[in-house]
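Asks: predicted model and sequence below, questions to follow.
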Amino acid sequence: MLVSQLSKMYQITFKNSVCLLDNGNLGSLTGGIYRFVPTRSKPVVVNSIVPSAQAKSAIMPSIDLWHQRLGHLSYQTLSTLLPPAAYSRSPVTGSLSCNMCIKAKRQRRVERKPAQRTTHPFELLHSDLCGPISPESASGLRYFILYIDDFSRFIRVYFLRTKSAVEVVSVFQELKARVEKRFPDYPMIRFRCDNGKGEYDNSLFRGILRVSCISFEPSPPYTQHKNGVSERMICTIVTKARALILDSGLSDEFWAEAVNTAVYLHARSPSRAVDSLTPYEKLFGVKPELGHLRRFRCTAYNLIPKAQREGKFGERAKKCVFLGYVHETVKIWRLWDPQSNRVIQASDVRFVEAEIMGERRVGNEEELEILKSCISDLYMY
Ligand SMILES: [Zn+2]
């Protein structure tokens, strides 16, 4: 597509071999052509690099908006993830200038000895369960379970109503089937979890590991720090989710959506544990798309297909609240429709990130204290 055509649809900015559309999409220059992965249509290819006068006046997303889109990722890490042309103001390197971060994030960083690392994906899987969480989510969920690939630090999250052996085993089997299908060359070899009267301490789960030739590595009693990776990862995810909830003013019932979004964003944020790559790139070998990221809980208009509109003058879009992403896709978003009180998945969406619907709710101080104690010894992932 030519720039002249594209400029009828978007405002465009060019800088340092990057082309930015005002819908947040970034295109990178390869072989004289800007290539985009779009947020809601077929790939756009711009085969001209001459910026128009209109393009120069485009509004850039600010570094603060990217900070919010990425679940309050530190400004320092943001500057390693984004090209300078992607935002409008230079980052405040190394400092936390965001109130929500100060409320929800870690207060100090602790250096730890690097553990012996695995050499291929799924050689070692860490897991831990978090809950019961109060209040339960709108759909009755009370727990979440994380599975962390030691090699890439890529996480998969599952939500549970109870921590019964049946529920825990069924999500593990789903994960195992998914990994085997997607990564047939990388079998799971070891499984590590905490030993405390654990959700994995049952014959059903042990039996599945045995027949799959996966060795079970519980931490011995009183040395649960050996399971450090999953415990610290739970803190990282809870902290990020907490920042999203505090920033959005949503009620705590939406914790599962915030945790899901935190996990999605973690995969796309550089991690020191994998040499400052993103877990996504470490696992899949390609850089993750970021152009579809939007601020948690901003206003999102779900465009109604023509066939479903009521008459010529019926509503063309439904006003919803943006709640996050669908794992492994970049073209589907989760939205909450307040009218019907339902969470839906949609691909034809217009976002208004400057608008956060509803009242801002002040976080419960007691909860913040619990969170702070949980994260006091957290080090950066
Ligand atoms: Zn922040």
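Replies: Structure received. Numbering: from 1, shown residues only.

Asks: ok, Leu125 to Asp252 distance?
Replies: Separation of Leu125 from Asp252 (Cβ to Cβ, to the nearest Å): 30 Å. From N, CA and C alone the C-beta is placed, and that goes for glycine too.

Asks: ditto for Ile356
Replies: For Ile356, the distance to Asp252 - Cβ to Cβ - is 17 Å.

Asks: more neighbours: which of those two?
Replies: Here Ile356 and Asp252 are compared on neighbour count by other Cβ atoms under 10 Å; more neighbours surround Ile356, at 20 against 17.

Asks: so what pairs up with the more buried one in the strands?
Replies: Taking DSSP bridges as the rule, Ile356 bridges to Cys298.

Asks: look up the pLDDT of it for me, please.
Replies: Reading off the confidence values, Ile356 has pLDDT 70.

Asks: tell me the contacts of it?
Replies: 248-249, 295, 297-299 (Cβ atoms under 8 Å, 6 or more residues apart in numbering).

Asks: need those residues in TSV with distance to Ser62 and pLDDT, can you?
Replies: Converted to TSV, the contacts of Ile356 look like this (distance: Cβ to Cβ, whole Å; pLDDT from 0 to 100):
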residue	distance to Ser62	pLDDT
Ser248	18	86
Gly249	20	84
Arg295	11	93
Arg297	18	91
Cys298	14	92
Thr299	18	92
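
Asks: which of those residues lies closest to Tyr200?
Replies: In terms of Cβ to Cβ, no member of the contacts of Ile356 lies closer to Tyr200 than Ser248, at 33.5 Å.

Asks: my guess is that closest one contacts Phe322, does it?
Replies: No: contact criterion Cβ atoms under 8 Å: Ser248 and Phe322 do not qualify, at 9.3 Å.

Asks: now Cys320: which helix or strand?
Replies: Taking DSSP states H and E as the criterion, Cys320 maps to strand 317-325.

Asks: gap between Leu246 and the ion?
Replies: 9 Å (Cβ to the ion, to the nearest Å).

Asks: show the model's pLDDT score for that residue.
Replies: 88.

Asks: okay, now it: neighbour count?
Replies: 22.

Asks: tell me the angle of the helix or strand hosting it relative to strand 317-325?
Replies: According to DSSP H and E, Leu246 maps onto helix 228-248. Comparing the axes of helix 228-248 and strand 317-325 via axes from the mean of the first three to the mean of the last three Cα atoms, to 10 degrees yields an angle of 160 degrees.

Asks: just to revisit the earlier point, mind exporting the C-alpha coordinates of the strand holding Cys320 to CSV?
Replies: The C-alpha trace of strand 317-325 is given here as CSV (Å, rounded to 0.1, in the frame of the first residue of the first chain):
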residue,chain,number,x,y,z
ALA,A,317,-20.3,-0.3,17.9
LYS,A,318,-20.8,-1.4,21.5
LYS,A,319,-18.9,0.4,24.2
CYS,A,320,-16.9,-2.1,26.3
VAL,A,321,-14.0,-2.3,28.7
PHE,A,322,-10.6,-3.7,27.5
LEU,A,323,-9.6,-6.7,29.7
GLY,A,324,-6.6,-8.3,27.9
TYR,A,325,-5.5,-10.7,25.4
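
Asks: quick one on the thing from earlier: relative to strand 317-325, how tilted is the next helix or strand after the helix holding Leu246?
Replies: Next helix or strand after helix 228-248 toward the C-terminus (DSSP H and E): helix 255-267. Relative orientation of helix 255-267 versus strand 317-325 (the same axes, to 10 degrees): 60 degrees.

Asks: which is the succeeding secondary structure element to helix 255-267?
Replies: Toward the C-terminus from helix 255-267 - assigned by DSSP H and E - lies helix 279-284.

Asks: about what we covered before: between Ser248 and Phe322, which contacts overlap?
Replies: With Cβ under 8 Å, 6+ apart, Ser248 and Phe322 have common neighbours 296-297.

Asks: neighbours of the residue of the chain found nearest the ion, how many?
Replies: Across the chain, the shortest distance to the ion (Cβ to the ion) belongs to Cys98, at 2.9 Å. Using other Cβ under 10 Å, Cys98 is surrounded by 19 other residues.

Asks: quick one: it and Trp66 touch, right?
Replies: No: with contact defined as Cβ under 8 Å, Cys98 does not count as touching Trp66 (11.6 Å).

Asks: re earlier: the residue of the chain closest to the ion: what's it in contact with?
Replies: Taking Cβ under 8 Å, 6+ apart, one finds 64, 67, 72 in contact with Cys98.

Asks: how near is the first one to Ala300?
Replies: Counting by Cβ to Cβ, the separation of Asp64 from Ala300 is 20 Å.

Asks: the last one too?
Replies: Using Cβ to Cβ, His72 is found at 20 Å from Ala300.

Asks: residue ranges of the helices in this structure, please?
Replies: Using DSSP state H, the helices of the chain run over 3-9, 53-56, 63-69, 75-81, 99-104, 165-182, 203-211, 228-248, 255-267, 279-284, 365-375.

Asks: most tightly packed of those helices?
Replies: Most buried of these by mean neighbour count (mean count of other Cβ atoms under 10 Å) is helix 255-267; its value is a mean of 25.

Asks: in this structure, where is pLDDT below threshold?
Replies: 1-59, 89-97, 105-115, 194-198, 219-227, 312-314, 357-381 (pLDDT under 70).

Asks: okay then, goodbye and thanks.
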